[in-house]
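**Q** dropping a prediction and its sequence here:
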Amino acid sequence: MFTIYGLSGPIFQGTLEELGRMPPVMARDPVTPARRVGDQVEAGIAPKTGVAATEGLSRSAVEAYQAMMPQNLERGPLYHAQQIMQRKLIIVNSRDNVTHAWRTLVDHQIHQAPVIDDSYRLVGIVSERNL
């Protein structure tokens, strides 16, 4: 059983023997690509075999592409890690029980914390979801 999909969904379902009832695929002219250069979109290198009329079509295609592109959106302010992080680390020891780990998260109003071993090496992270 074969299924052939077109742009709007399945266009053929059947066996290999029934595949012959499909109309032949028609060859298309080559497509002129558009490429982005900075904030500009310009026509790519077009095949030299095109007719002068295709130049107007490629220009309109580029203009349509430019119209669909999102405008430059203003970004929010940038923050450095030192501006939003605190220096006091809230950690959980790998030997702590689940109740102590939960209490640490709740008491400090955080959702996750690093887990360290006895030599202060990071061994994992614990979160509310884990607990």
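**A** Now that the structure is in, tell me what you want to look at. None of these values were measured; they are calculated from a predicted model.
**Q** tell me the pLDDT at residue 120?
**A** Here the pLDDT value assigned to residue 120 is 91.
**Q** and it, which of the three is it?
**A** Using DSSP: H, G, I helix; E, B strand; the rest coil, the structure places residue 120 in coil.
**Q** going forward, begin numbering at 22 instead of 1
**A** Will do, 22 is the new start, and the previous item becomes residue 141.
**Q** count the neighbours of it for me.
**A** 8 (other Cβ atoms under 10 Å). C-beta coordinates here come from the backbone N, C-alpha and C atoms, glycine included.
**Q** now swap in residue 100 and tell me
**A** Look at residue 100: counted by other Cβ under 10 Å, it has 9 neighbours.
**Q** over to residue 132?
**A** Residue 132 has 9 neighbours, counted by other Cβ under 10 Å.
**Q** list the contacts of the closest residue in space to it that isn't next to it in sequence.
**A** Using Cβ to Cβ, 6 or more residues apart in numbering and skipping residues adjacent in sequence, the residue nearest residue 132 is residue 149, 5.2 Å away. If you count contacts by Cβ atoms under 8 Å, 6 or more residues apart in numbering, residue 149 has them with 126, 132, 133.
**Q** residue 23 too?
**A** By Cβ under 8 Å, 6+ apart, the contact set of residue 23 is 33, 34, 35, 36, 37, 40.
**Q** as TSV, these with pLDDT, distance to residue 90 and neighbour count would be great.
**A** Listed next are the contacts of residue 23 as TSV, based on pLDDT from 0 to 100; distance: Cβ to Cβ, whole Å; neighbours: other Cβ atoms under 10 Å:
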residue	pLDDT	distance to residue 90	neighbour count
33	83	35	14
34	86	38	11
35	86	41	14
36	85	45	8
37	80	44	8
40	80	40	11
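**Q** tell me the secondary structure at the residue most central in space within the chain.
**A** With distances taken as Cα atoms, centre = their mean, the residue of the chain nearest its centroid is residue 91 (15.7 Å). Here residue 91 is coil, with the state taken from three-state DSSP.
**Q** between the two ends of stretch 106-115, how far is it?
**A** 23 Å (Cα to Cα, to the nearest Å).
**Q** buried stuff in that stretch?
**A** The neighbour-count check on stretch 106-115 (16 or more other Cβ atoms under 10 Å) flags residue 113 as buried.
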